[in-house]
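coords please:
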Amino acid sequence: MVISDFFQGIVLGFSIAAPVGPIGLLCIRRTLVYGLKVGFLSGVGAALADGIFSFIAAFGVTVVSGFLLEHRTVLQVLGSMFLLGFGFFTFRSRPNEPGNTIRGDGFGRNACLSTFFLTLTNPMTMMAFAAVFAGMGIGAARDYRQAAVVVCGVFSGSLLWWSVLSHAVNRLRTRFDENSLVWINRLSGTVIMVLGVVGLLL
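Numbering: from 1, shown residues only. As a prediction, the model looks like this:
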């Protein structure tokens with residue numbers, strides 16, 4: 001039963017993380033420009049946020065979930081403004097030479113924190129977990145052991161997706177020259193800014 005619950009969590013975490021949105025674009029762009037470590041750490045931040053959302057949904061932490069839902073408009077605005085700013089920065093930035101890799105724990109930590117907080121500005125992810133968990137009966141029967149196993153699986157599944165994505169993109173990294181990376185910056189920056197505008201209008 002434990003293995004089954006953990007596997008269900010992995011599938012759920014992988015499935016929710018996999019659709020390519022602003023976090024996916026950030027991970028792809030950072031992997032291409034800065035290397036595997038920074039790209040993967042960007043995904044780690046998103047996986048941590050997914051783990052927190054699934055924990056809240058599974059254990060019914062009403063104070064936290066109530067706060068996130070009550071302030072979801074403010075969080076969405078903040079997240080959209082961050083996307084606009086980051087998209088503009090990405091559009092204007094000049095890439096490193098494709099063979100170079102940014103070193104330093106500080107840069108990787110900032111990459112992780114930025115995607116972590118950006119993911120947290122979308123409480124609808126928590127609602128998605130809550131809906132799926134309700135359908136699976138997780139948390140309703142107060143089986144906290146099962147809930148904990150599934151939450152661990154969700155984090156592992158989300159982390160698995162970001163590992164697969166960053167490693168796959170990194171294998172293609174050497175095929176891009178500086179001019180190609182400039183256009184990738186412009187394209188990803190434009191898409192991220194558009195997503196920010198959409199978030200403000202919704």
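
Give the residue spans of this protein that score low on pLDDT.
1, 61-69, 94-107, 136-143, 177-178, 202 (pLDDT under 70).

so what does the longest helix along it touch, helix or strand wise?
When the chain is parsed with DSSP state H, its longest helix is helix 144-172. Other helices and strands packing on helix 144-172, by 3 or more Cβ pairs under 8 Å, 6 or more residues apart in numbering; DSSP states H and E, are helix 2-17, helix 22-34, helix 36-59, helix 124-136. The way it works is simple: take the backbone N, C-alpha and C, and place the C-beta from them, glycine included.

measure the closest residue to Pro22 other than its chain neighbours to Leu48 for me?
If the residues on either side of it in the chain are set aside, Pro22 comes closest to Leu195, at 5.1 Å by Cβ to Cβ, 6 or more residues apart in numbering. Separation of Leu195 from Leu48 (Cβ to Cβ, to the nearest Å): 21 Å.

Kindly report the same for Gly24.
16 Å.

got a list of what the residue at minimal distance from the centre of the chain touches?
When the chain is reduced to its mean C-alpha position, the nearest residue by Cα atoms, centre = their mean turns out to be Ala46, at 3.0 Å. For Ala46, the contacting residues are Ala17, Ile23, Cys27, Thr115, Phe116, Leu118, Thr119, Ser158, Trp162, by Cβ atoms under 8 Å, 6 or more residues apart in numbering.
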